[in-house]
Structures are given as structure tokens and as C-alpha cells.
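Asks: Here is my input, please return the structure:
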Amino acid sequence: MDSGLRTLPIAALHNAQQFLAEKYSLGLIPSFTLTDTRYVGLNGSQVLAMGASEFPANADQSPLPAVPVELTSIVNNLWPGKFFLNQGFTLEDLKQ
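Replies: The predicted model follows:
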């Protein structure tokens, strides 16, 4: 919805018999004028791959032996970047 209608609460639309949300599934998508459509190439970009293959004993989760292979394959063969595995898979490392 464009500028004049952006603040209109969609759930309040009524057709004199019922609210439109009672009859129709309503949704909002960004206006095309708000969407940045400029192409941005990914050449020179890096990937950040993170994952866990081992879990604490109390997590009741089976090990995932393919995770280290997947992360190293992504970073070494598909896309340059860094990967963090198990203890390195933290919110702090993600923020950095």
C-alpha cells in the first residue's frame, strides 16, 4: 500500500456486513517503490558458515558427523569465507 494507505489497519476494513478478514486472507507486501531493485553482484563477497556437530549430553541430540565436512566444503570449495564449528558456533562469533 502506498503512502496514504500505509497506516490503515487492514483488519478494520468492513464491507457493511462483515470484516474483510473474516472472509478473505489478507496480507501486506512492501510497495514496489520501497523495494531496492538495483543489482548487487556477489563477486568478492565472503560466506559465514556456522554449525554444530556435537551437543551436550543433556541435549538428547545425536551427533551430526556431516556438519564439519559440509562447512569445510562450503568454505574451501564453493565460496571463500570463514566457518565456526561447535564451540565456535556462538552469538558472539556471529556478531563479530
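Asks: now the strands for the protein?
Replies: 47-51, 81-85 (DSSP state E).
Asks: Residue 60 is nearest to which of these?
Replies: For residue 60, the closest of these is strand 47-51, at 18.6 Å, according to C-beta to C-beta. C-beta here means a position set from N, CA and C on the backbone, and glycine is covered the same way.
Asks: Next, the buried residues of that closest one.
Replies: Neighbour counts over strand 47-51 (16 or more other C-beta atoms under 10 Å) mark 49-51 as buried.
Asks: So which of these is the closest to residue 79?
Replies: Among these, and counting by C-beta to C-beta, the member closest to residue 79 is residue 49, at 8.4 Å.
Asks: picking that back up, now the strands of the chain as a markdown table including distance to residue 36 and mean pLDDT?
Replies: Formatted as a markdown table, the strands of the chain follow (distance: least, C-beta to C-beta, whole Å; pLDDT from 0 to 100):
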| stretch | distance to residue 36 | mean pLDDT |
| --- | --- | --- |
| strand 47-51 | 22 | 94 |
| strand 81-85 | 24 | 94 |
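Asks: okay if I get the ones you listed as TSV plus distance to residue 16?
Replies: Formatted as TSV, those follow (distance: least, C-beta to C-beta, whole Å):
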stretch	distance to residue 16
strand 47-51	53
strand 81-85	57
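Asks: of all those, which lies closest to residue 39?
Replies: Short answer: strand 47-51, nearest of the strands of the chain by C-beta to C-beta, at 19.5 Å.
Asks: Right, I'll call it a day here.
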